[in-house]
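**Student:** coords please:
(chains A and B)
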Protein chains: 2
Amino acid sequence: MNDPITPDPLPVLRPIGRIATPFRTVADCPRNGRQIEPAPVCHVTVFGAYLPGLASLETFSHLILLYALHEVRAAELTFTPPFDGTSRGVFATRAPRRPNPIGMAVVAFDGFAAPDTLKVRYLDCVDGTPLLDIKPYLPSTDSVPEADMGWLNRHRTR
Amino acid sequence: MNDPITPDPLPVLRPIGRIATPFRTVADCPRNGRQIEPAPVCHVTVFGAYLPGLASLETFSHLILLYALHEVRAAELTFTPPFDGTSRGVFATRAPRRPNPIGMAVVAFDGFAAPDTLKVRYLDCVDGTPLLDIKPYLPSTDSVPEADMGWLNRHRTR
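**Tutor:** Take a look at the predicted model:
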């Protein structure tokens, strides 16, 4: 299928908050959010206009965060990961240089540090990352313990 | 924290493909992708320009898909789910009317129907949904079987 000549009008992204992590630069970021043990507590601040959307969030133990990989300037459809040595398609990796640079993380939710600030663990993104969405993590649809990690299996960190 | 006066420049989304499901209208969509058993096989077609990015994808059993909830016209920060009766914040739900209307699904990957077309199960989005990203599902970071589903626990469908 070719690219459509008149693509759909897609939503224009706007940040709903900001993510504070201990990782000041992309080079400081771990390979994944569970690589560092114990995982550092990160703070997710939600802008005032969006606070009503947080009602009932306190009932969940884990969340899914979507965020803008805002330092990505151009996509790289194939590349050779430094830890692997074989060229891989970007969709078979979690690398940031994607056509739509949106990051996704499953995090443990440790409650609120302030009415607009969530404490979470297991992020690997750079400090200052723009937050796009918060979703509740539902094991009934999101957890597949037996999934095959494919070529990444032998690089598994835990 | 207030909204920043000069927000970050965020990525402009572009569709990388299209998702075909049996659900012709939003009203036809199941409440989640695992509600219908057996789950129907859906087809995800990737536009030609992005095909190199699929290399090595065949090694994974499950994928994460991000897609545009393109029928959403306005966010609804709080609402009362029809099956619950209590007002909830949108970030404590998986409902589509979100400030950044991006859907996320964990799907079983049943291989390729054609070089540009993936067969997947467990989608709940409407036919024709624009595809934004494909990521490998990694149980080491994405699977939390013991997570607490919070207020959604008593509405669990399986």
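**Student:** Give me the buried positions along stretch A:60-77.
**Tutor:** A:60-70, A:72, A:75, A:77 (16 or more other C-beta atoms under 10 Å in any protein chain shown). For every residue, glycine as well, the C-beta is placed using N, CA and C.
**Student:** CSV for these, including secondary structure and pLDDT?
**Tutor:** Below are the buried residues of stretch A:60-77 laid out as CSV (DSSP: H, G, I helix; E, B strand; the rest coil; pLDDT from 0 to 100):
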residue, secondary structure, pLDDT
A:60, coil, 98
A:61, coil, 98
A:62, strand, 98
A:63, strand, 98
A:64, strand, 98
A:65, strand, 98
A:66, strand, 98
A:67, strand, 97
A:68, strand, 96
A:69, coil, 94
A:70, coil, 89
A:72, coil, 87
A:75, coil, 94
A:77, coil, 98
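**Student:** Among these, name the ones that also lie close to chain B.
**Tutor:** A:60-62, A:64, A:66, A:68-70, A:72, A:77 (C-beta under 8 Å from any C-beta of the partner chain).
**Student:** Pull the most distant pair out of those.
**Tutor:** A:61 and A:77 (36.4 Å; C-beta to C-beta).
**Student:** thinking again about what came up before, of the ones next to chain B among the buried residues of stretch A:60-77, just say which sits nearest to residue B:39.
**Tutor:** Using C-beta to C-beta, the shortest approach to residue B:39 within these belongs to residue A:64, at 20.4 Å.
**Student:** Could you check how far that closest one is from residue B:108?
**Tutor:** Plainly put, residue A:64 is 18 Å away from residue B:108 if you go by C-beta to C-beta, to the nearest Å.
**Student:** can you give me the helices for chain A?
**Tutor:** For chain A, the helices defined by DSSP state H cover A:139-142.
**Student:** Tell me which stretches of it form strands.
**Tutor:** A:17-20, A:41-46, A:62-68, A:78-79, A:88-89, A:102-114, A:117-121, A:129-136 (DSSP state E).
**Student:** to the chain's geometric centre, what's the distance from the fourth one?
**Tutor:** With C-alpha atoms, centre = their mean, to the nearest Å as the basis, strand A:78-79 stands 20 Å off its chain's centre.
**Student:** who's in contact with the residue positioned nearest the centre of chain A?
**Tutor:** Per C-alpha atoms, centre = their mean, the C-alpha nearest to the average position across chain A is that of residue A:104, at 2.7 Å. By C-beta atoms under 8 Å, 6 or more residues apart in numbering or on different chains, the contact list for residue A:104 reads A:64-67, B:64, B:66, B:104, B:135.
**Student:** Output the strands of chain A in JSON lines; the columns should cover distance to residue B:154.
**Tutor:** Below are the strands of chain A laid out as JSON lines (distance: least, C-beta to C-beta, whole Å):
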{"stretch": "strand A:17-20", "distance to residue B:154": "29"}
{"stretch": "strand A:41-46", "distance to residue B:154": "27"}
{"stretch": "strand A:62-68", "distance to residue B:154": "18"}
{"stretch": "strand A:78-79", "distance to residue B:154": "45"}
{"stretch": "strand A:88-89", "distance to residue B:154": "41"}
{"stretch": "strand A:102-114", "distance to residue B:154": "19"}
{"stretch": "strand A:117-121", "distance to residue B:154": "24"}
{"stretch": "strand A:129-136", "distance to residue B:154": "14"}
